[in-house]
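Novice: Let's see this in three dimensions:
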Amino acid sequence: MAEPNIGDRIDSYCGRCKMMLAHTVESIEGGKIKKCHCNTCGAQHAYRAKPPKKIPGMPAVPESSDYDKLMKAQDPAKAKKYATSGRFQPTELINHTKFGLGIVLTCKESNKIEVLFSDGAKTLVHGR
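Specialist: Coordinates of the predicted model:
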């Protein structure tokens with residue numbers, strides 16, 4: 001990989017947005033990215049190549065390998081059909097037309113939920 005330069009676009013974990021997002025490099029020391037800013041919210045922070053294992057104040061997000069374990073405790077017949085106008089709560093089972101069965105992990109904001117599907121976690125809107 002080429003050495004990073006100030007102004008390059010990179011993926012970094014944003015603590016304000018609580019997601020891996022596109023960032024712009026602001027400072028480099030010893031060939032390593034030190035500071036960047038989020039292109040979504042504008043927050044300036046240290047470069048984080050990976051999300052934290054646990055976000056303070058939030059339950060740990062299960063890995064995609066946990067999907068099978070979580071699904072064993074669910075009844076697929078009771079899955080709610082996903083719609084952006086619907087409201088969903090953590091631990092609810094939903095059925096998405098594209099991604100299939102998923103388990104709501106967390107409510108991120110008043111209109112976003114994190115859902116674990118067989119191919120990984122996705123952020124979806126709800127309550128619109």
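Novice: When you work out contacts or count neighbours from here on, use the C-alpha atoms and nothing else.
Specialist: OK.
Novice: Okay, and the beta partners of the residue nearest the centre of the chain?
Specialist: Centrality entry for the chain: nearest residue to the mean C-alpha point is Met19, 4.8 Å, by C-alpha atoms, centre = their mean. Beta-bridge partners recorded for Met19 (DSSP bridges): Cys14.
Novice: any idea how far it is from Lys78?
Specialist: 30 Å (C-alpha to C-alpha, to the nearest Å).
Novice: now swap in Lys112 and tell me
Specialist: Following C-alpha to C-alpha, the distance that separates Lys112 from Lys78 is 22 Å.
Novice: Then Lys32?
Specialist: Lys32 is 49 Å from Lys78, by C-alpha to C-alpha.
Novice: Settle it for me: which of Lys112 and Lys78 has more neighbours?
Specialist: Using other C-alpha atoms under 10 Å, the more surrounded residue of Lys112 and Lys78 is Lys112, with 18 against 11.
Novice: list the contacts for the more buried one?
Specialist: Thr123, Leu124, Val125, His126 (C-alpha atoms under 8 Å, 6 or more residues apart in numbering).
Novice: Let me know the closest of the residues you listed to Phe117.
Specialist: Thr123 (10.6 Å; C-alpha to C-alpha).
Novice: Could you tell me how many residues sit around that closest one?
Specialist: Neighbours of Thr123 (other C-alpha under 10 Å): 16.
Novice: Which strand residues bridge it?
Specialist: In this entry, Thr123 is beta-bridged to Glu114, by DSSP bridges.
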